[in-house]
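*Asks:* give me a 3D structure for the following:
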Amino acid sequence: MGVMAVRSWAEMRDWQVGLLERSTGETLATWNARVAEQGFADEAGLRDWLKQQGVEGYAQMLLVFEAFGYPDFFTRSADELIENQYADRPALRPIFDVIIAALPALGETTVQTRKTYVSLLTPRRTFAIVAATTRTRVDLGLRLPGREPGGRLLAAKSLGNETIDVRIGLTTVDEVDAEVHDWLARAYEANC
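*Replies:* The predicted structure is shown next:
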């Protein structure tokens with residue numbers, strides 16, 4: 001049995017600070033001072049400049065938030081964010097709960113809650129996302145590089161982030177069957 005952890009946004013911020021410092025060799029305070037010296041008027045200009053400095057991904061997102069403010073969802077708890085995702089579609093919440101309950105059997109996983117979806121991570125990277133995409137469907141997006149849609153696997157256009165290759169649409173708890181568990185396990189293994 002694996003271990004499952006839920007990462008709060010505060011922990012995510014701490015992780016991003018560590019990532020920034022490891023990847024650049026400079027502290028968050030140093031970067032904040034450098035950004036302030038540049039006097040950026042908008043986020044796009046800051047992102048372009050950071051990219052030129054070799055700062056991308058989560059480290060870039062951290063510095064943008066530091067400069068222009070953190071979104072309110074960043075300061076909410078994981079439970080609050082999940083409750084908000086299913087507030088107007090309570091019949092879908094059990095689907096989410098069944099998927100989350102399956103995670104310890106996969107291995108070490110981290111649940112990272114965002115405003116509109118939940119990322120599932122191996123110790124290495126995101127392997128799946130769970131999103132209440134419509135009022136009647138939860139999508140389980142899977143990171144399965146090279147896997148083409150077919151059968152229950154559908155195209156994952158605009159689901160979560162660009163690393164999600166395919167998705168399985170789920171409308172009832174009963175649809176979270178052995179095949180879904182198998183695909184979830186395959187995505188986990190492919191991303192360890």
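*Asks:* check this protein for its longest helix and report it.
*Replies:* For the chain, the helix reaching the highest residue count under DSSP state H is reported as helix 9-24.
*Asks:* nearest spatial neighbour of residue 173, chain-adjacent residues omitted?
*Replies:* Closest residue to residue 173 in three dimensions, ignoring its sequence neighbours and counting by CB to CB, 6 or more residues apart in numbering: residue 94, at 5.0 Å. The C-beta positions use only the backbone N, C-alpha and C, and glycine is treated the same way.
*Asks:* that neighbour: which element?
*Replies:* In this structure, residue 94 sits in helix 93-101 according to DSSP states H and E.
*Asks:* show me what whichever helix or strand comes after that helix is packed against.
*Replies:* Remark: after helix 93-101, the chain's next helix or strand is strand 109-113, criterion DSSP H and E. Counting by 3 or more CB pairs under 8 Å, 6 or more residues apart in numbering; DSSP states H and E, the packing neighbours recorded for strand 109-113 are strand 4-7, helix 78-86, strand 118-121.
*Asks:* how about strand 109-113: buried residues?
*Replies:* When neighbours are counted by 16 or more other CB atoms under 10 Å, the buried residues of strand 109-113 are found to be 109, 110, 111, 112, 113.
*Asks:* so the longest helix of the chain versus strand 109-113, what angle?
*Replies:* Angle between the axes of helix 9-24 and strand 109-113 is 110 degrees (criterion: axes from the mean of the first three to the mean of the last three CA atoms, to 10 degrees).
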